[in-house]
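S.K.: Fold the following.
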Amino acid sequence: MFLQLDGRGPLHAQLTRALRSALLNGRIGPGSPLPSSRRLATDLGVSRNTVLAAYEQLRAEGFLAGRVGSGTYVTPPMQLRVAPSPQIPIPPQSRYSRRLRAIHDHSAVPGRSLPGTRFAFQYGAPLINPALTSAWSRELARAAAYTEPVYPLAQGLPALRQAVCDYLGRRRGVQVAPADILIVAGTQQAIALTARVLLDEGDAAVIEEPQYFAIREILEVHGTSLQRVPVDSDGLITDAMPANPPRLICVTPSHQFPSGVLMSLERRLALLDYAEHHRCWILEDDYDGEFRYDGKTHAALRSLDQNDRVIYVGSFSKVLFPALRLGYLIMPRGLREDFISAKWASDFGSPAVEQAALARLITDGGFDRHLRRSAKALNQRRSALLQGLRDCSLGRLDIADSRAGMHLVVWLNGKTVDQGDHFIARAQAHGLGLHPITPYYLVPPDRAGLLMGYAALSVTEIHQALEIFARCLDDEYV
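M.R.: Below is the predicted model of the structure:
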């Protein structure tokens, strides 16, 4: 126990004041045991009689109580008696900090669970797979026993990088070597590292409109000048790319977020030509590329790249569980050392035990088995949601079926954004969580839209949630 004696008066009085202060300001909570008099005397370098005298004084004041054969405890009803010091706001100390404070509100992150709801069409909530939980527990225990207790390589464990290479070649048509792979703490860190390696403050970057809000915020906090390029049914409109080329282009070609559209082959080739001609880089976020329900497998943009201009990012957060916080980045060969050094400067490397467990899960086939089970379950839930929305639509809904991923975009025909917010509030009052699509636009659309995730709800729960949704829809269109 740390106690600061003030040097004024006898030792037992100093110790009494120090203990009383710790009790009053909450450092030692009600009901907590205190060290034995012998142990505290040894820790503080004082006599045991000094400690006994201080304990006796505080017992007399009602702060402490002795229990026969058990020790000395803080009196349970004791409450804080000193008002907490007022928090004095401190101005941001750097341009980065000022931008962060202006741009990001941690209490208002889009898609978070809503209080008081029984059901929620929440994007980003994981699909619960008991078989995965069991398999992961086994691999984690095995990895904890055999992983070396030293700092891992900043680039990532060789076994996991090899497993990622095999997986990408097998599932995404991307042929790379383990030396090209950087293991990161999810897509967020991959974007942040890319910004640090490629962009100075004021450099331009293209983002899709609409876009994943975290890409936008990370680049804005970095000081990047954002240029939005709209998306249509064929993906990013390459004819709308700026005449003054950006330093970086951020795209989600395999399943655009949030619209869900697939970038056409013609657009992919045009984008690669643009990047090569203007010597700019492409960040490909292959978000949700594992889950398609139309039977077609589409190659990643990186697999078409002949000039090493594409920085490919993948994450295990959505396909396994968000708490894992592991992903990967394919580095252009000329930038390998820059990315590895940036990762080292960020955190020395991702946790080795989790990396080892994930590598074995992939190589032993557990990961692919999980993907197959998840794809089947997600397709059933998607079908239930689609059919239910069509049944209650009656011309009031415009449903965008992306045939991939874990969410749908649904527009409320004839309703403004404000009316959409009113509809969401009505649903929440009836126990249903809905989320607007507006946070994913730099310039909000002129109509109300919803981002409806279905991974975390069973088919039965989706049916029950849609009953509430239909009643709210009827009320909204009276």
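S.K.: what about Asp475, neighbour count?
M.R.: For Asp475, the neighbour count with other C-beta atoms under 10 Å is 12. The way it works is simple: take the backbone N, C-alpha and C, and place the C-beta from them, glycine included.
S.K.: tell me the SS of it?
M.R.: Put simply, Asp475 is helix when judged by DSSP: H, G, I helix; E, B strand; the rest coil.
S.K.: What lies in contact with stretch 234-245?
M.R.: Under the criterion C-beta atoms under 8 Å, 6 or more residues apart in numbering, residues 204, 206, 208, 227, 229-231, 249, 251, 253, 256, 261-264, 266-268, 270-271, 274, 278-280 lie in contact with stretch 234-245.
S.K.: please redo it, this time with the cut-off set to 10 Å
M.R.: Around stretch 234-245, the neighbours that count as contacts under C-beta atoms under 10 Å, 6 or more residues apart in numbering are 204, 206-209, 227-232, 249-254, 256, 259, 261-275, 277-280.
S.K.: And for stretch 261-268?
M.R.: Stretch 261-268 has contacts (C-beta under 10 Å, 6+ apart) with 208, 231-239, 251-256, 270-271, 284, 292, 294, 296, 298-301, 303-305, 400, 402-404, 409.
S.K.: Quick one, which of those residues are buried?
M.R.: Of the members of those, the ones counted as buried by neighbours, 16 or more other C-beta atoms under 10 Å, are 208, 231, 234-236, 238, 251-256, 270-271, 284, 292, 298, 300-301, 303-305, 402-404, 409.
S.K.: The residue nearest to Ile468 when sequence neighbours are not counted bridge partners, please.
M.R.: Closest residue in space to Ile468, ignoring its immediate chain neighbours: Leu432 at 4.4 Å, by C-beta to C-beta, 6 or more residues apart in numbering. According to DSSP bridges, the residues that bridge with Leu432 are Phe119.
S.K.: Identify the residues contacting Ala470.
M.R.: 388-389, 391-394.
S.K.: The residues you listed, buried ones only, as a PyMOL selection?
M.R.: Restricted to buried positions by 16+ other C-beta under 10 Å, the PyMOL selection for the contacts of Ala470 reads:
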select buried, resi 388+389+392
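S.K.: and which of the contacts of Ala470 is nearest to Ala214?
M.R.: Leu389 (27.0 Å; C-beta to C-beta).
S.K.: how far away is Thr363 from Ala357?
M.R.: Using C-beta to C-beta, to the nearest Å, one gets 11 Å for the distance from Thr363 to Ala357.
S.K.: Between the two, which contacts overlap?
M.R.: Leu160.
S.K.: Output stretch 281-293 as CSV, restricted to C-alpha atoms.
M.R.: Extracted in CSV, the C-alpha atoms of stretch 281-293 (Å, rounded to 0.1, in the frame of the first residue of the first chain):
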residue,chain,number,x,y,z
TRP,A,281,-2.0,4.6,-54.4
ILE,A,282,-5.2,2.6,-53.8
LEU,A,283,-6.3,1.3,-50.4
GLU,A,284,-8.6,-1.6,-51.0
ASP,A,285,-10.7,-2.5,-48.0
ASP,A,286,-11.9,-6.0,-48.8
TYR,A,287,-14.7,-5.7,-46.2
ASP,A,288,-17.2,-8.6,-46.1
GLY,A,289,-15.6,-10.1,-49.2
GLU,A,290,-16.0,-13.6,-47.7
PHE,A,291,-19.8,-13.6,-47.7
ARG,A,292,-21.6,-13.7,-51.0
TYR,A,293,-25.0,-15.3,-51.6
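S.K.: so how far is it from its chain's centroid?
M.R.: Taking C-alpha atoms, centre = their mean, to the nearest Å, one finds the center of stretch 281-293 at 16 Å from the center of the full chain.
S.K.: avg pLDDT for it?
M.R.: Mean per-residue pLDDT for stretch 281-293: 83.
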